[in-house]
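**Q** everything below, folded, please.
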Amino acid sequence: MFKRLLPHPVLTPILTIIWLLLTNSIATGQLLLGLMLGWAIPFFTIRFWPDEVTIYQPIKLLQFSLVVLFDILVANFIVARLILGNPDRLSPTFIIVPLDIKSDIAISLLANIISLTPGTVSSLLIEDRTQLVVHALDTDNADALIASIKTRYEAPLKEIFEHVG
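**A** Numbers count the residues shown, from 1 in each chain. Got it, this is the predicted structure:
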């Protein structure tokens, strides 16, 4: 019964917090609206979720979230410097990141994190789901970028969402 009324109990408060951050207000009305959205979005999208998400390392997920937020902040400054500097000197390229992760949620989060980080965009998941094509705004060393994506994002996602063991 509880699962039908609140299909994703962890997602509801997360969506509420995101709403409050987006509105930059903790007014009662915004809090209530955030709670309503935090309940309604999972409730009405439950049929689109293929599996129940299992988080094997919740503390690692919190640490990983801070790393991602930090990387997004730093990347904003780097991209601003690149664009305001000399955009003719940019070295854009497509790279192929081989994937070790297998779960849908981990692959989806990796692709989204890459796209949320300024300067990189996930552009294609190869059909067999073993490679992700990423566009980088400026890179001289594709191997270093691939290694960075794999160590900073893919490895923690594997620990968090896939039972390693």
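**Q** ok, residue 21 - contacts?
**A** Going by C-beta atoms under 8 Å, 6 or more residues apart in numbering, residue 21 touches no other residue. Using the backbone N, CA and C atoms, a C-beta is placed for each residue, glycine as well.
**Q** so is it in a helix, a strand, or just coil?
**A** helix (DSSP: H, G, I helix; E, B strand; the rest coil).
**Q** kindly provide the distance from it to residue 45.
**A** Distance of residue 21 to residue 45, given as C-beta to C-beta, to the nearest Å: 21 Å.
**Q** could you do residue 30 as well?
**A** As judged by C-beta to C-beta, residue 30 and residue 45 stand 22 Å apart.
**Q** those two: who's more crowded?
**A** A direct count of neighbours by other C-beta atoms under 10 Å for residue 30 and residue 45 places residue 30 higher, at 16 against 12.
**Q** so which bits of the helix or strand harbouring that one are buried?
**A** For residue 30, the element it lies in under DSSP states H and E is helix 28-45. By neighbour count on 16 or more other C-beta atoms under 10 Å, the buried set for helix 28-45 is 30, 33-35, 38-39, 41-42.
**Q** cool, and stretch 79-94?
**A** Neighbour-count burial for stretch 79-94 [16+ other C-beta under 10 Å]: 79, 82.
**Q** quick one: it to chain centroid distance?
**A** 24 Å (C-alpha atoms, centre = their mean, to the nearest Å).
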